[in-house]
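Novice: below are the sequence and a predicted model for it; my questions follow.
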Amino acid sequence: MSEEAVKAAEAVEETTAAAEPEDVSYQAVEKEGVVTAIWEMQGQKHLRTIDPRSHEGKQILALFETAA
């Protein structure tokens with residue numbers, strides 16, 4: 001492969017990786033069996049913390065309980 005072809009292939013890989021972000025997931029933080037926070041994660045990156053008592057936090061917890 002020529003040097004230009006290698007660079008072009010690397011550019012395509014980088015563009016593809018940037019275009020396909022990792023899925024967002026949620027992790028419940030518990031203390032003594034009580035959810036104290038919900039972490040919104042994208043891969044290993046912490047995006048934000050959600051209060052489980054908020055409207056959005058209650059919706060997330062309800063979806064989790066329904067799925068279990």
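Specialist: That came in fine, so what should we check first? Note that the structure is a prediction, hence the values are computed from the model and not measured. Numbers count the residues shown, from 1 in each chain.
Novice: and what about residue 47, helix, strand or coil?
Specialist: strand (DSSP: H, G, I helix; E, B strand; the rest coil).
Novice: for it, what are its contacts?
Specialist: Residue 47 makes contacts with 24, 40-41, as judged by Cβ atoms under 8 Å, 6 or more residues apart in numbering. All C-beta atoms are positioned from the backbone trio N, CA, C, and that covers glycine.
Novice: try 10 Å
Specialist: By Cβ atoms under 10 Å, 6 or more residues apart in numbering, the contact list for residue 47 reads 24-26, 39-41.
Novice: buried subset of those residues?
Specialist: Among the contacts of residue 47, the ones that count as buried by 16 or more other Cβ atoms under 10 Å are 40-41.
Novice: so can I have a markdown table of the contacts of residue 47 showing pLDDT and distance to residue 56?
Specialist: Below are the contacts of residue 47 laid out as a markdown table (pLDDT from 0 to 100; distance: Cβ to Cβ, whole Å):
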| residue | pLDDT | distance to residue 56 |
| --- | --- | --- |
| 24 | 94 | 13 |
| 25 | 94 | 15 |
| 26 | 95 | 10 |
| 39 | 97 | 13 |
| 40 | 97 | 10 |
| 41 | 97 | 15 |
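Novice: most widely separated two among the contacts of residue 47?
Specialist: Comparing every pair within these by Cβ to Cβ identifies 24 and 39 as the most remote, at 10.7 Å.
Novice: quick one: the strands in this structure?
Specialist: Secondary structure of the chain (DSSP state E): strands at 24-31, 34-42, 45-50.
Novice: distance to residue 67 added to those strands, as CSV?
Specialist: Formatted as CSV, the strands of the chain follow (distance: least, Cβ to Cβ, whole Å):
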stretch, distance to residue 67
strand 24-31, 11
strand 34-42, 15
strand 45-50, 17
